[in-house]
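# Next one to model:
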Amino acid sequence: MRLKIGSFYGVFSMLVLLALVLGQYSSKAAEKPPAPDFLLNDINGGMVSLSQHKGKIILLDFWATWCPPCRMSIPELVALNKKYKDKGLVILGISVDDPEKVNDALLKAFVKKFKINYTILRINEQVMRDYFAYQQIGVPTMFIIDREGKILDMYVGFRPGVLEKAIKKVI
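Next up is the predicted model:
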């Protein structure tokens with residue numbers, strides 16, 4: 001069967017139009033979700049919300065003191081905070097440690113020992129539901145949130161250099 005040139009271009013044009021239309025729908029479907037707001041206790045007795053940092057790039061780090069990959073990621077997070085804080089980066093470490101086993105005094109000692117220079121918060125059930133939807137949490141899990149409050153990326157585990165690449169794209 002032979003296809004005429006005119007009908008070939010007609011079919012081709014229809015395919016291009018279809019691709020453009022589907023591309024618009026898929027880009028809308030791929031829009032990033034808003035990061036759920038929260039109000040959490042920090043280890044110094046204060047309260048911190050996500051919304052108070054609107055307009056900044058936020059790196060949320062869900063971590064635990066007993067987690068070796070979390071400990072390995074701390075020096076990189078400290079360096080990222082030093083390097084990008086003045087450019088609008090805010091790092092919030094959300095401890096998933098059981099407060100009965102790791103109280104605030106122990107957590108403060110950990111922060112001092114590892115020279116953590118960013119805010120450490122305590123997780124609660126609502127944040128766990130909002131960010132992990134009742135799924136098993138792997139630590140560390142890190143979320144990059146853009147200046148409009150949308151989740152750009154989520155990283156599970158520690159992969160050296162990956163966070164800085166993601167931050168550079170949006171800073």
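# for the residue nearest to the spatial centre of the chain, helix, strand, or coil?
Among the residues of the chain, the one closest to the centroid is residue 143, at 0.9 Å (C-alpha atoms, centre = their mean). Per DSSP: H, G, I helix; E, B strand; the rest coil, the local secondary structure of residue 143 is strand.
# what's the closest non-adjacent residue to it?
Sequence neighbours aside, residue 60 is the residue nearest to residue 143 in space, at 4.3 Å (criterion: C-beta to C-beta, 6 or more residues apart in numbering). Using the backbone N, CA and C atoms, a C-beta is placed for each residue, glycine as well.
# Ok, residue 59 next?
Per C-beta to C-beta, 6+ apart, closest to residue 59 is residue 91, 4.7 Å.
# what about the closest residue to residue 31 other than its chain neighbours, distance to residue 33?
Excluding its sequence neighbours, the residue lying closest to residue 31 (C-beta to C-beta, 6+ apart) is residue 150, at 7.8 Å. Going from residue 150 to residue 33 by C-beta to C-beta, to the nearest Å gives 7 Å.
# quick one: which of those two has more around it?
Higher neighbour count among residue 150 and residue 33: residue 150, with 13 against 8, using other C-beta atoms under 10 Å.
# Mind splitting the protein into its structural domains?
1-31, 39-170 (automatic domain parsing).
# how long is the last one end to end?
Pointing back at domain 39-170 there. End-to-end distance for domain 39-170, by C-alpha to C-alpha, to the nearest Å: 25 Å.
# picking that back up, if you average pLDDT over each of the domains of the chain, which is lowest?
Mean pLDDT is lowest for domain 1-31 among these, at a mean of 42.
# ok so, going back, and the residue nearest to residue 59, that one's in a helix?
No. If the criterion is three-state DSSP, then residue 91 is strand and not within a helix.
# Cross-check the contact I'm expecting between it and residue 61.
Yes. If you go by C-beta atoms under 8 Å, residue 91 and residue 61 touch, sitting 6.6 Å apart.
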